[in-house]
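[1] Predicted structure and sequence below. I'll ask about it afterward.
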Amino acid sequence: MVTREDGLSENVVASVERNALLNALRHDGKAEVGAVMSKVIGEYPELRASAKEVARAVEERVKEVNAMTVENLRALLRERYPEADVAPREREEGRVGLPPLPNVKGALAFRLPPEPSGFMHIGHGMAFMINSVYAEKYDGKLWLRFEDTNPRKVETRYYESFREGSRWLGIKWDYEKSVSSDLEILYEYGQTLLSEGNAYACGCDEAKVKKLRFSGTACEHREQSFEKNLEIWNGMISKKYGEGEYVIRLRGDMTSLDYSLRDPNIFRVIEHPHPLTGSRYSVWPTYDFEVVVEDELCKITHVLRSSEFHLALQELMRGFLSFRPVTVLQFSRFNFKGTPVSKRLLRPLVEKKLVSGWDDPRMPTVEGVKRRGILPESIKQFTLQVGYTKTEHEYDWSLLFAVNRKLLDPLSKRLMFVPDPIALHVKDAPSKRARIPYHPEKDLGSRTIQTSGFFFVPKRDALAAKAGTVLRLIELYNVQVLGKKTNLITAQFHSEEVIHDTPKIQWVTDLKTKLKVLEPGPLYNEDGSVNRKSLVTTKGLVEESFSDLKMGQIIQFMRYGFCRVDARDTCVLAHR
């Protein structure tokens, strides 16, 4: 990848230009620096640390774009970024439901193509869900295909993460394979490109390649004979050449404005054992090459994927290899406010122990989201509601929580948890066995609690009540506050009938259990800094029936929120 003097890669530079053009066309030919900057950072969150360099690049390009006519802006956008979407934004920057697919005659096939280099996250899940829904709608076949051609990155546990995560989401696939099992076939297609003059072996060092690619200049290896290219290729396969000595490059267009077409690498030597193939192979294909071949082998008809991939490059290789066309629909990544899905931003949090692990309930991994108490059906419904769009968008977690709350409400038992408790003594309180249903409308059972006039209630609510205030102990009776001390509230029994507009508070008796609730928040602040207060622990007391709950069960603590049982003494707050 070419890098400029200011350290920005070719992809970032392209993002700056593309977003400047789009923003200008949406605002009568005048782009705004702040808006363009926001879009670029949204696509590349890791650039927050290089904000000054990005800002300078944005300012330069916006100045140039704003000097152009609207007609020229449109022409430039069509020429360089034909896939870009200039249409007005749809509701919530997406489409409600999934639109019909084009080219649906005949047998259809879709694919879920994870790289097993990290744990499955909610962005993967939503993209997978789109493919799964379409496969079901059009009676197509669905592949789970592991793009595992960088042995330095892949690990066995990551394969299983995607399998388990997809199963949890209710996604069913028809076929499964790992690309690493097809290396011999990929080698054949690589040699075909060499033999037809569409690829060549290059021995330039990385720095030289970057410099020549940036200037659009071909290196001396580009015109060497097929015999020489074949000799080097066979030497790479036989492990005669080590890592970094030679690569195989596609013969693209060194003068193209699309830098991905400037003779990209398609094979390289990686001397590292692979979790599935061991040390048998050392020549590995790049993603753009292998995905073109694999889509042909799997007879994929429709590719639905995020828009950071090189569409023009893959189409060029399809043409070289005389493969049938594939319908490609690209959409922006599914980003959530304060919670990046980029491994580059998440891995340091794990390594520095700023989170407990990849399944921390603050993490966007499927395990993290599951541990928090988000239902798989909620993710599916949310995905269908927002649809997909090419316009970069950052969703607020509250939108997903609203869907989850609606699904949880009729299913979740109501229990009482008292955060930061204070003792309450009720004078003249009747001895009462209270039968309290677990749900006000659904038949989820009930429990009986023996009361005698001594309770624990939330300190914040109790201390806020003035002397003489009448409070309703939920599902029990009314009490009138008499006095307050640091560790004790005294009250008088008032009445049993429900009094309209009386403030209600939850309570527990002496038969209680200590409980802590983990309250997850955004991992990153709006300025891009790590949120050091992203996890709050609230300690309190919970009623005795909590011990009857199952691990992983999701319940609602009245006047507190929906929580998932994480351990015998711990819950995780899903949301209010």
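    Good, I have the coordinates.
[2] quick one: furthest residue from the center of the protein?
    No residue in the chain sits farther from the centre than Asp428, which is 56.0 Å out by C-alpha atoms, centre = their mean.
[3] what's the burial count for the closest residue to Asp396 other than its chain neighbours?
    Among residues not flanking Asp396 along the chain, Lys337 sits closest, at 5.1 Å (C-beta to C-beta, 6 or more residues apart in numbering). Yep, even glycine has a C-beta here, placed from its N, CA and C like the rest. Neighbourhood size, Lys337 [other C-beta atoms under 10 Å]: 14.
[4] what do you get for Leu345?
    Neighbour count for Leu345, taken as other C-beta under 10 Å: 17.
[5] And for Leu321, nearest residue in space, chain neighbours not counted?
    In space, and not counting its chain neighbours, Leu321 is closest to Tyr189: 6.1 Å by C-beta to C-beta, 6+ apart.
[6] which element is that neighbour on?
    Using DSSP states H and E, Tyr189 maps to helix 183-195.
[7] Geometrically speaking, which residue is the centre of the protein?
    Short answer for the chain (C-alpha atoms, centre = their mean): Gly123, at 3.0 Å.
[8] part of a strand, is that residue?
    No. Looking at Gly123 with DSSP: H, G, I helix; E, B strand; the rest coil, it is helix, so not inside a strand.
[9] Tell me the spacing between it and Arg262.
    Distance from Gly123 to Arg262, counting by C-beta to C-beta, to the nearest Å: 29 Å.
[10] Check Pro430 too.
    In this view, Pro430 and Arg262 are 84 Å apart by C-beta to C-beta.
[11] More neighbours: the two, which one.
    Using other C-beta under 10 Å, the more surrounded residue of Pro430 and Arg262 is Arg262, with 25 against 12.
[12] my read: the more buried one touches Gly216, true?
    Yes. Proximity of Arg262 to Gly216 meets the contact threshold set by C-beta atoms under 8 Å, at 6.8 Å.
[13] Overlap of the contact sets of these two?
    254-255 (C-beta atoms under 8 Å, 6 or more residues apart in numbering).
[14] So in terms of bridging, what pairs with Val269?
    Applying DSSP bridges to Val269 gives these bridge partners: Val283.
[15] how about the helices in the stretch 201-350 of the chain?
    With DSSP state H, counting those that start in this stretch as the criterion, the stretch 201-350 of the chain has helices at 206-215, 226-237, 287-297, 311-320, 343-351.
[16] In the last one, which of the residues would be classed as buried?
    Neighbour-count burial for helix 343-351 flags 345-346, 349-350 (criterion: 16 or more other C-beta atoms under 10 Å).
[17] Switch those residues over to TSV; also include pLDDT and distance to Ala574.
    As requested, these are arranged in TSV below (pLDDT from 0 to 100; distance: C-beta to C-beta, whole Å):
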residue	pLDDT	distance to Ala574
Leu345	87	23
Leu346	91	20
Leu349	93	21
Val350	94	22
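[18] Distance of Lys210 relative to Glu223?
    Distance, Lys210 to Glu223, by C-beta to C-beta: 20 Å.
[19] what does Cys563 give?
    Using C-beta to C-beta, Cys563 is found at 67 Å from Glu223.
[20] Between these two, point out the one with more neighbours.
    It is Cys563, of Cys563 and Glu223, that has more neighbours when counted by other C-beta under 10 Å, with 27 against 10.
[21] beta partners for the more buried one?
    Following DSSP bridges, Cys563 is listed with bridge partners Ile555, Leu573.
[22] Confirm for me that it is in contact with Arg576.
    No. Cys563 lies out of contact with Arg576 (C-beta under 8 Å); the separation is 10.3 Å.
[23] Identify the residues contacting Glu46.
    Going by C-beta under 8 Å, 6+ apart, Glu46 touches 342, 344-345.
[24] Next: Leu329.
    By C-beta under 8 Å, 6+ apart, Leu329 lies in contact with 101, 302-305, 388.
[25] Any chance of these in a markdown table with distance to Asp139 and pLDDT as columns?
    Listed next are the contacts of Leu329 as a markdown table, based on distance: C-beta to C-beta, whole Å; pLDDT from 0 to 100:
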| residue | distance to Asp139 | pLDDT |
| --- | --- | --- |
| Leu101 | 12 | 95 |
| His302 | 13 | 97 |
| Val303 | 18 | 96 |
| Leu304 | 16 | 95 |
| Arg305 | 21 | 89 |
| Tyr388 | 21 | 88 |
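[26] Distance to Met68 added to those, as JSON lines?
    As requested, the contacts of Leu329 are exported to JSON lines (distance: C-beta to C-beta, whole Å):
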{"residue": "Leu101", "distance to Met68": "35"}
{"residue": "His302", "distance to Met68": "36"}
{"residue": "Val303", "distance to Met68": "33"}
{"residue": "Leu304", "distance to Met68": "33"}
{"residue": "Arg305", "distance to Met68": "31"}
{"residue": "Tyr388", "distance to Met68": "30"}
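[27] List just the nearest of those to Glu243.
    Comparing the contacts of Leu329 against Glu243 with C-beta to C-beta places Arg305 closest, at 29.4 Å.
[28] I'd say that closest one and Ala127 touch.
    Yes. Taking C-beta under 8 Å as the definition, Arg305 is a contact partner of Ala127 at 6.9 Å.
[29] low-scoring pLDDT stretches of the stretch 301-450 of the chain, where are they?
    For the stretch 301-450 of the chain, applying pLDDT under 70 flags no range at all.
[30] repeat that for 90
    Scanning the stretch 301-450 of the chain with the threshold set as pLDDT under 90 gives 305-312, 330-333, 342-345, 388-394.
[31] average pLDDT for the strand or helix carrying Gly34?
    Secondary structure assignment for Gly34, by DSSP H and E: helix 33-43. Regarding helix 33-43, the rounded mean pLDDT is 80.
[32] before we move on, the earlier item: with adjacent residues omitted, what lies nearest to the residue farthest from the centre of the chain?
    Nearest one to Asp428, counting by C-beta to C-beta, 6+ apart, is Phe493 at 4.6 Å.
[33] count of residues packed around that neighbour?
    By the criterion of other C-beta under 10 Å, Phe493 has 15 neighbours.
[34] Kindly report the same for Ser117.
    Applying other C-beta under 10 Å, we find 14 other residues in the vicinity of Ser117.
[35] cool, Thr448 as well?
    Applying other C-beta under 10 Å, we find 9 residues neighbouring Thr448.
[36] can you pull the contacts of it?
    Listed by C-beta under 8 Å, 6+ apart, the contact set of Thr448 reads 433-436.
[37] now with 6 Å?
    The neighbourhood of Thr448, defined by C-beta atoms under 6 Å, 6 or more residues apart in numbering, consists of 433, 435.
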